[in-house]
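Trainee: would you be able to build a 3D model of this:
(chains A and B)
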Amino acid sequence: MTTRIVELRRGILKKNDELAAVLRQRFTSAGVLVLNLVSSPGTGKTAFLELTLRALRARGAHAAALVGDLETDNDARRLAASGAPVRQINTHGICHLDAEMVTKHLEGWEEVSLAGLNYLFIENVGNLVCPSSYDLGERIRVALLSVTEGEDKPLKYPGLFNSSDAAVITKIDLAVPCGFDRELALKNINEIRPGIRIFETSAKTGAGMDEWLAYLLEQERPS
Amino acid sequence: MHELSIAASIVEAVTESASAYPGARIKAVQLRVGALASVVEDSLQFCWELASEGSPLAGAKLVINMLPVIVHCDGCGADSEIEGVQSFRCPRCGELAADLRQGRELEIESIELEEPESGETQIGAPNSVEEHI
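Mentor: Numbering: from 1, shown residues only, chains lettered A, B, ... in the order given. Here you go, the predicted structure:
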């Protein structure tokens, strides 16, 4: 017997990366801005997205959402109340969305043609670890954290925060009762992902939403 | 948590690549995993046994080479390794450094195969001795 070393130099998630590259190409040629929203369970992704969808519709923009969830369609039903087309992706226990799930759920989505959309939001499964490895073809990855989760969240989950393009702090209406140290949170995010855009928002009061919407508009039509 | 999916992806990818070497036994798989890849080494080793069971990779050793993060500093121009993943600052000048040069890798670097010598009978190959017994 002889032993041979064969160099592969191949990405472990190559299949996902290839599918994501195809999706990215489709999104780019359709002219739709795709955002992947990632956070822990309970951060308020759905409430934030609901408000975003309503505000975009009010401004005449066409937005739709794909919503990942382990088992229920509760979030999709909540989001559909905004009037935007929403489709549920049930992962049945899988802790992240992958490019194949997104590809499959774009097929046969009759209400939606990518070319007719300005924005497509993909709400990932609530999890700060696994979604960071799976590219969904998005242009902007958004990491969300709420003031109730503690200022050190970015330090605990550097893989996600470092790979994100924007960070959203949610529930800032609760900052005072929670004793949230704003300066420390901003510093921690910036230590992990220097220069990242940070939005401080409340889905309850609408605080910070104007800045967030201005960012979406600016990203959709890069000058 | 997603280590099982990762282990399954490794089995799939290596099985595909190794099919070019019929008759060879896969002894080991070498990985390059960046410190920011969100992979827990022990958890991946545990899942490896489950994922490789019953596949051509059963019994193969998984060697995980963890890679530290390397950042490029726009201030001083140096590429440096940083300690841990808690602060992305250039260790030379202390400036924040957003330009990542290493740390997100999730790659199969190589596989180690044990092959029959040429001329030696391949176990399980169409002309193997067992077939004629």
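
Trainee: ok, residue A:18 to chain B distance?
Mentor: Separation of residue A:18 from chain B (C-beta to the nearest C-beta, to the nearest Å) stands at 12 Å. Just so you know, the C-beta spots here come from the backbone N, C-alpha and C atoms, and that holds for glycine as well.

Trainee: which SSE is that residue in?
Mentor: Residue A:18 belongs to helix A:14-30 when assigned by DSSP states H and E.

Trainee: report the distance from that helix to the chain centre.
Mentor: On the basis of C-alpha atoms, centre = their mean, to the nearest Å, helix A:14-30 is displaced by 16 Å from the centre of the chain it belongs to.

Trainee: helices and strands around that helix, which ones?
Mentor: Secondary-structure packing of helix A:14-30 (3 or more C-beta pairs under 8 Å, 6 or more residues apart in numbering or on different chains; DSSP states H and E): strand A:33-38, helix A:99-106, helix B:3-18.

Trainee: can you show me the CA trace of it as CSV?
Mentor: What follows is helix A:14-30, C-alpha atoms only, in CSV (Å, rounded to 0.1, in the frame of the first residue of the first chain):
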residue,chain,number,x,y,z
LYS,A,14,-18.8,25.2,-1.7
LYS,A,15,-22.2,24.0,-2.9
ASN,A,16,-23.9,26.7,-0.8
ASP,A,17,-21.5,29.3,-2.0
GLU,A,18,-22.1,28.4,-5.6
LEU,A,19,-25.9,28.6,-5.2
ALA,A,20,-25.5,31.9,-3.4
ALA,A,21,-23.4,33.2,-6.2
VAL,A,22,-26.2,32.3,-8.7
LEU,A,23,-28.7,34.0,-6.4
ARG,A,24,-26.6,37.1,-6.1
GLN,A,25,-26.3,37.3,-9.9
ARG,A,26,-30.1,37.0,-10.2
PHE,A,27,-30.7,39.7,-7.6
THR,A,28,-28.3,42.0,-9.2
SER,A,29,-29.7,41.6,-12.7
ALA,A,30,-33.3,42.0,-11.3
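
Trainee: which positions in it come out as buried?
Mentor: By neighbour count with 16 or more other C-beta atoms under 10 Å in any protein chain shown, helix A:14-30 contains the buried residues A:15-16, A:19-20, A:23-24, A:26-27.

Trainee: and the residue minimising distance to the centre of chain A, what does it touch?
Mentor: The residue lying closest to the centre of chain A (C-alpha atoms, centre = their mean) is residue A:37, at 1.2 Å. Each residue near residue A:37 by C-beta atoms under 8 Å, 6 or more residues apart in numbering or on different chains is listed here: A:45, A:48-49, A:121-124, A:142, A:144.

Trainee: from residue B:98, how far out is it?
Mentor: From residue A:37 across to residue B:98, the span is 22 Å (C-beta to C-beta, to the nearest Å).

Trainee: swap in residue A:89?
Mentor: Distance, residue A:89 to residue B:98, using C-beta to C-beta: 31 Å.

Trainee: quick one, strands of chain A?
Mentor: With strands called from DSSP state E, chain A shows them at A:2-11, A:33-38, A:63-69, A:86-90, A:119-123, A:140-146, A:166-170, A:197-200.

Trainee: for the last one, name the packing helices and strands.
Mentor: Pointing back at strand A:197-200 there. By 3+ C-beta pairs under 8 Å, 6+ apart, strand A:197-200 packs against strand A:166-170, helix A:182-192, helix A:209-220.

Trainee: between those, which one is closest to residue A:61.
Mentor: Closest to residue A:61 of the helices and strands packed on strand A:197-200, according to C-beta to C-beta: helix A:209-220, at 7.9 Å.

Trainee: not counting that closest one itself, show me its contacts.
Mentor: Against helix A:209-220 from outside (C-beta under 8 Å, 6+ apart): A:33, A:51-52, A:55-56, A:59, A:61, A:118-119, A:139-140, A:166, A:168, A:197, A:199, A:201.

Trainee: mind picking the lowest-pLDDT entry from these?
Mentor: In terms of pLDDT, the lowest of the contacts of helix A:209-220 is residue A:59, showing 94.

Trainee: quick one, what contacts it?
Mentor: With contact taken as C-beta under 8 Å, 6+ apart, residue A:59 is in contact with residue A:213.

Trainee: quick check: it vs chain B, distance?
Mentor: According to C-beta to the nearest C-beta, residue A:59 stands 31 Å off from chain B.

Trainee: over to residue A:170?
Mentor: Counting by C-beta to the nearest C-beta - residue A:170 and chain B are separated by 22 Å.

Trainee: swap in residue A:116?
Mentor: Applying C-beta to the nearest C-beta to residue A:116 and chain B gives a distance of 33 Å.

Trainee: what of residue A:33?
Mentor: Distance, residue A:33 to chain B, by C-beta to the nearest C-beta: 22 Å.

Trainee: can you check residue A:118 too?
Mentor: With distances taken as C-beta to the nearest C-beta, residue A:118 is found 28 Å from chain B.

Trainee: cool, and residue A:191?
Mentor: 5 Å.

Trainee: quick one: neighbours of that residue, just the number.
Mentor: When counting by other C-beta atoms under 10 Å in any protein chain shown, one arrives at 17 neighbours for residue A:191.
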